[in-house]
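Colleague: Here is a sequence together with a model predicted from it:
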Amino acid sequence: MFGNIPILSSICRGNTSLVIGASFSTSKRKGMTMIKGVVFDLDGLIFNTEDVFIRATNEFLLPLGLEYEDQVRRRMMGQQADVSLQILKDHYRLAHTIIEIRSGIEANFIAALPEMLNVMPGFEELRTYLIHQSIPMAVCTSSSSIYAEQLLEEFGYLKEFEFVLGAEDVENGKPAPDCYHLACRRLDLLPGQVMVFEDSENGCRAAVEAGTFAVAVPGSHNCGHNYLGASLVANSLADPRIKMALQKS
């Protein structure tokens, strides 16, 4: 969701929610195709950075006598930074410029990282499984690629991914399917051969519209999101149905 945020060297090393969608649907995939590649979203999917962003935004709004509402968060989640911050500005009629809002929230975000940042449940195990199965992995995020690469490098994951696509790599951000079309081309795979993991409604819409095997992985921050069209709505990245889908494909 952010641009170039410096990642602190002191970074420390499951959720259920009300969601709308299919638990295991193949409505857009009549015949199961062999999954040959996997693409992960970043914020709220690999790392719990959505929780950090929620806290940072609340800390920005509270001195103004405002509260970060769920309906606003839902609209912002998965969007590119300038788009999401414009939604925030318009909803609360903030007098601040987008640059001022971004700077304030980023400062709170960076301050909260060492205390809050962690890997989402199930990622370590799934990542290990995919490596052992020689299934190539990539990252597609609405944040900048520099931010994503810094974060992945801090945890030693960066070298395991074929590439990282950021907001600057496509003209239209999620929920447009552009980023996943590009990811499929970079992997040299058909959309139906690619499994995409997303936590947000906007991200899932992008994956579904791109024609990929979209796996929604809601966190506590995704309450009320709509995952219509998703091939699978998983409880977490540790959900055994993910490996079942990989093995059955």
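Modeller: Cool, the structure landed.
Colleague: Can you give me the buried ones in the strand or helix carrying residue 247?
Modeller: Assigned by DSSP states H and E, residue 247 belongs to helix 240-248. By neighbour count on 16 or more other C-beta atoms under 10 Å, the buried set for helix 240-248 is 242, 245-246. Every residue, glycine included, has its C-beta placed from N, CA and C.
Colleague: wait, which of those residues is closest to residue 35?
Modeller: Closest to residue 35 out of the buried residues of helix 240-248 is residue 246 (5.5 Å), distances taken as C-beta to C-beta.
Colleague: where's the spatially closest residue to the closest one that is not a sequence neighbour relative to residue 192, distance?
Modeller: Spatial nearest neighbour of residue 246, chain neighbours left out: residue 35 (5.5 Å); criterion: C-beta to C-beta, 6 or more residues apart in numbering. To residue 192, residue 35 is 9 Å away according to C-beta to C-beta, to the nearest Å.
Colleague: average pLDDT across the longest helix along the chain?
Modeller: Counting residues, the longest helix in the chain under DSSP state H turns out to be helix 98-116. Average pLDDT, helix 98-116: 93.
Colleague: Next, the buried residues of the following helix or strand past it.
Modeller: Remark: after helix 98-116, the chain's next helix or strand is helix 123-132, criterion DSSP H and E. Burial within helix 123-132, assessed by neighbour count using 16+ other C-beta under 10 Å, is assigned to 123, 126-127, 130.
Colleague: Just say helix, strand or coil for the residue nearest to residue 246.
Modeller: Following DSSP: H, G, I helix; E, B strand; the rest coil, residue 35 is assigned to coil.
Colleague: For it, what are phi and psi?
Modeller: Torsion angles at residue 35 (phi, psi; degrees, to the nearest 10) stand at phi -80, psi 120.
Colleague: which ones are touching it?
Modeller: 135, 193-195, 213, 245-246, 249 (C-beta atoms under 8 Å, 6 or more residues apart in numbering).
Colleague: ok, so of those, who is nearest residue 204?
Modeller: Residue 204 lies nearest to residue 213 out of these, by C-beta to C-beta, at 11.7 Å.
Colleague: Just confirm residue 223 contacts residue 70, I think it does.
Modeller: Yes - here residue 223 lies in contact with residue 70, judged by C-beta atoms under 8 Å, at a distance of 6.7 Å.
Colleague: The two: which is more packed in?
Modeller: When residue 223 and residue 70 are compared for neighbours, residue 223 comes out ahead with 15 against 12, by other C-beta atoms under 10 Å.
Colleague: right, and residue 52 touches residue 114 too?
Modeller: No - under the criterion of C-beta under 8 Å, residue 52 is not in contact with residue 114, lying 10.3 Å apart.
Colleague: Out of the contacts of residue 35, which one has the lowest pLDDT?
Modeller: For those, the pLDDT minimum is residue 249, 59.
Colleague: next one: stretch 65-84 to chain centre, how far?
Modeller: 14 Å (C-alpha atoms, centre = their mean, to the nearest Å).
Colleague: List the buried residues of that stretch.
Modeller: 66, 68, 72-81, 83-84.
Colleague: mind checking how far the residue nearest to residue 246 is from residue 213?
Modeller: Where residue 213 is concerned, residue 35 sits at a distance of 6 Å (C-beta to C-beta).
Colleague: who touches the helix or strand hosting residue 52?
Modeller: According to DSSP H and E, residue 52 maps onto helix 49-61. Helix 49-61 is contacted from outside by 1-2, 42-44, 67-68, 73, 77, 88, 92, 101, 104-106, 108-109, 111-113, 116-117, 151, 199, 219-221, using C-beta under 8 Å, 6+ apart.
Colleague: Sounds good, over and out.
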